[in-house]
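>>> just a sequence and a predicted model for now, questions to come.
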Amino acid sequence: MITVLSGGVGAARLLRALSDVMDPSELTAIVNVGDDLVLHGLTICPDLDTITYTLAGLNNDELGWGLRGETWRVMDELDALGGAAWFRLGDRDLATHLYRSQRLTEGASKTDVTRELATHHGVKVTLLPVSDDPIATEFLTEDGRLSFQEYFVQRHHDVVVSGVEITGVESARATNDVERALEQSARLVIAPSNPVISINPILQVRGVREALRARRDDVVAVSPIIQGAALKGPADRLMRELGYESSALGVVDFYGDLVGTWIIDEADAALADAIRSRGARVEVTTTIMAEPENARRLAKVVLS
Ligand code: FO1
């Protein structure tokens, strides 16, 4: 059993590649829910949905979120009404949020609904929200306190951030399934997701960081920063704004003593010795997963 701590797109690609080279039913993803939101009365879980759609082969590659071949009739109508249409929910994607929201109202947990959606789409990987309790990543910015999607989508993550807070996390519990996965998996993998806003909300849930630290030797992390830049999103800028170096070495320092083995990109090979001197093993390979062949090679290194 292999467990992957996961954000959205980068994690989804690694999970897809791992599914290609191992039995997907032996793969578990513990997924960030800090960017979940309630909008139009609907509960939306972007990272869980990105992973589900990607593993089902339904993801919209151009947008990087939502479903391929999507239509936007509901959003266009909402826009005409003067409603909140800045966070675009496609017509088919809406069905996911309607289904989830109704099931939650009936008393199902986020874990239950995630399993139901994954089963419906034929996804064999076990997808686990890190917690069934609500947690929300919020940004302290030059424009005041912003919710995740206000920062990410409304402001295009183009605003200076002085702090990131995960509200609700003090009282949130990791689910039993998450605790079991952290204890029983042969290997714990940290996906090349944004350390600050995708992985940190998972680590902040009580018990998760301690579980990784106790199993450091089995923890493998893939750096999401290559040659000082994030492939996608604001990871590099956020690292700098929060006082970390924007480099693979900065990510190593961000995770501290949780990681036994680092996988870094060939372009960062010169950093390998500095990472080793911090007490971790280092593997150097191509970590860009745009080509399926490279993604599978990375997956094999993760498993090796
Ligand atoms: N990202 C955008 O940039 N614009 C959107 O309108 C948008 C809508 C959206 C709807 C459903 C969903 O699951 C994701 C959506 N995203 C959108 C992506 C999302 O904001 C972020 O990529 C993640 O929250 C960060 O992991």
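Cool, got the structure.

>>> when you work out contacts or count neighbours from here on, use the C-alpha atoms and nothing else.
Fine.

>>> how much space separates the residue of the stretch 101-250 of the chain found nearest the ligand from Val219?
The ligand sits closest to Val153 of the stretch 101-250 of the chain, with a gap of 4.7 Å, by Cα to the nearest ligand atom. Distance of Val153 to Val219, given as Cα to Cα, to the nearest Å: 32 Å.

>>> of the two, which one has the most company?
Between Val153 and Val219, counted using other Cα atoms under 10 Å, the more crowded position is Val219 (21 against 13).

>>> list the beta-bridge partners for the more buried one.
Counting by DSSP bridges, Val219 is bridged to Leu188.

>>> list the contacts of Val302.
Val302 makes contact with 189, 220, 263, according to Cα atoms under 8 Å, 6 or more residues apart in numbering.

>>> with Leu14 instead?
Contacts of Leu14 by Cα under 8 Å, 6+ apart are 191, 289, 295, 299.

>>> if you rank the residues you listed by neighbours, which is first?
Using other Cα under 10 Å as the neighbour test, the contacts of Leu14 are led by Ala191, with 29 neighbours.

>>> what about Asp61, how many neighbours?
Look at Asp61: counted by other Cα under 10 Å, it has 12 neighbours.

>>> surely it meets Gly69?
No. Assessed by Cα atoms under 8 Å, Asp61 is found out of contact with Gly69, at 10.3 Å.

>>> and the contacts of Val302, which are buried?
Neighbour-count burial (16 or more other Cα atoms under 10 Å) applied to those gives 189, 220, 263.

>>> can I get those in CSV with pLDDT?
Converted to CSV, the buried ones among the contacts of Val302 look like this (pLDDT from 0 to 100):
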residue, pLDDT
Val189, 98
Val220, 98
Ile263, 98
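
>>> for Lys300, give me the pLDDT.
Predicted confidence (pLDDT) for Lys300: 97.

>>> do a quick rundown of the strands in the chain.
2-6, 27-31, 37-39, 42-44, 126-129, 136-141, 144-147, 161-167, 187-190, 219-222, 225-226, 229-230, 261-265, 281-285 (DSSP state E).

>>> Serialize those strands to a markdown table and add fields for distance to Lys110.
Putting the strands of the chain into a markdown table (distance: least, Cα to Cα, whole Å) gives the following:
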| stretch | distance to Lys110 |
| --- | --- |
| strand 2-6 | 16 |
| strand 27-31 | 11 |
| strand 37-39 | 13 |
| strand 42-44 | 10 |
| strand 126-129 | 7 |
| strand 136-141 | 15 |
| strand 144-147 | 20 |
| strand 161-167 | 18 |
| strand 187-190 | 22 |
| strand 219-222 | 26 |
| strand 225-226 | 31 |
| strand 229-230 | 30 |
| strand 261-265 | 31 |
| strand 281-285 | 36 |
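
>>> least reliable of those strands going by mean pLDDT?
Among the strands of the chain, strand 229-230 carries the lowest mean pLDDT, at a mean of 92.

>>> close to the ligand, is that one?
No. Applying Cα under 6 Å from any ligand atom, one finds strand 229-230 out of contact with the ligand, separated by at least 13.6 Å.

>>> if we can go back for a sec, so which of the contacts of Leu14 comes closest to the ligand?
Once Cα to the nearest ligand atom is applied, the member of the contacts of Leu14 that ends up nearest the ligand is Ala191, at 12.8 Å.

>>> ok, that closest one - contacts?
4-7, 10-11, 14, 221-224.

>>> distance check, the residue nearest to it when sequence neighbours are not counted against the ligand.
Leaving aside its chain neighbours, Ala191 sits nearest to Ala11 (5.1 Å; criterion: Cα to Cα, 6 or more residues apart in numbering). As judged by Cα to the nearest ligand atom, to the nearest Å, Ala11 and the ligand stand 10 Å apart.

>>> how about the helices in the protein?
9-21, 46-55, 73-81, 91-105, 110-120, 148-149, 176-184, 200-204, 208-214, 235-241, 248-255, 272-276, 292-303 (DSSP state H).

>>> which bits of the stretch 101-250 of the chain sit near the ligand?
Counting by Cα under 6 Å from any ligand atom, the stretch 101-250 of the chain sits next to the ligand at 149, 153.

>>> just to revisit the earlier point, report the buried members of the contacts of Ala191.
Buried among those by 16+ other Cα under 10 Å: 4-7, 10-11, 14, 221-224.

>>> so where's the stretch 101-250 of the chain uncertain?
Applying pLDDT under 70 to the stretch 101-250 of the chain picks out no residues at all.
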